[in-house]
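Colleague: Here's my sequence, what's the structure:
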Amino acid sequence: MTDRNGLAADLRPSPNFGTRAEGVATDLIILHYTDMPTAEEAIEWLCNPVSQVSAHYVVAEDGRITQLVDEADRAWHAGLSCWETETDINSRSIGIEIANAGHDHGYPDFPAAQIDAVIGLCRDIQSRHPVKPRGILAHSDVAPARKRDPGEKFPWAALAAAGIGHFVPPEPLGGGRAMQPGDEGYAVGAFQALLFLYGYGLDVTGIYDEATVAVVSAFQRHFRPARIDGLADASTVATLHKLARALAPPDLAPAVSPIGRIRRW
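Modeller: From the prediction side, this is the model:
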């Protein structure tokens, strides 16, 4: 390892990395939780060649940062994933693992010292790489069918208050019927199209299918965490529209039009 970050208190080189795809900008930061009892156990696993996984950084509960992979290298953290139609997320991202036992092991709150360290690390990474606010994402955002991390307890609003990430106050829960599995038609397609335009990997079918449930659940974990059910209620739809309005038009549209993604609408 040749490019140590000055914020990292520890250096634990992992053998699990490769070369980034040529000509691809490092314009995403992906936040994970470790899903393990302790930060040290997570670091051991991320540095074990058997695991075939890694990240650039691990942030412990007390805020201590350990660097595992050079930012110039392609860490193996995102797995099968997609954002803005791109599937090689590892080549365009920095991966940060945040020590937390996860949903299957009690899912504790994230300590303030840890969140302060994540904020500082994200700000530091943005000083070197063209990561826009919308490019700071949850693992679940880029892999909604597989992942839940860092989950609905992660304080995205606190990051946004510090100038990190893209976030708007979510619309409160309310009544009314939600779009749900089995629904189809223009309203479903329009909602899918806006999720796609924001960046989520979702085909615009006009049918509220399992893939849509997974993406909506990921969206709710990040942007409307009061209820995670995968249903497009008025609160979820309004929050998505607020996010879209908060972006300049060039920042909203990915390289491929949603029209080209339509299959049955």
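
Colleague: Confirm A42 sits in a strand?
Modeller: No. Counting by DSSP: H, G, I helix; E, B strand; the rest coil, one finds A42 to be helix, located in no strand.

Colleague: list the contacts for it?
Modeller: T34, D35, M36, V58, E97, A99 (C-beta atoms under 8 Å, 6 or more residues apart in numbering). Backbone N, C-alpha and C define where each C-beta goes, glycine included.

Colleague: Identify the bridge partners of the fourth one.
Modeller: V58 has the following beta-bridge partners by DSSP bridges: T66, E97.

Colleague: I figured T205 hits G189, correct?
Modeller: Yes. Counting by C-beta atoms under 8 Å, T205 touches G189, with 7.2 Å between them.

Colleague: Show me which pair in the contacts of A42 is furthest apart.
Modeller: Spanning the widest gap among the contacts of A42 are D35 and V58, at 12.2 Å by C-beta to C-beta.

Colleague: more neighbours, these two?
Modeller: Using other C-beta atoms under 10 Å, the more surrounded residue of D35 and V58 is V58, with 28 against 21.

Colleague: for stretch 114-130, which positions count as buried?
Modeller: Neighbour counts over stretch 114-130 (16 or more other C-beta atoms under 10 Å) mark Q114, I115, A117, V118, I119, G120, L121, C122, I125, Q126, H129 as buried.

Colleague: what's the spacing between it and its chain's center?
Modeller: Centre-to-centre, stretch 114-130 and its host chain are 15 Å apart (C-alpha atoms, centre = their mean, to the nearest Å).

Colleague: next one: stretch 238-249
Modeller: 17 Å.

Colleague: residues touching the closest residue to S54 other than its chain neighbours, list them.
Modeller: Using C-beta to C-beta, 6 or more residues apart in numbering and skipping residues adjacent in sequence, the residue nearest S54 is N16, 3.7 Å away. Counting by C-beta under 8 Å, 6+ apart, N16 touches L46, C47, P49, S51, Q52, V53, S54, V69, A75, W76.
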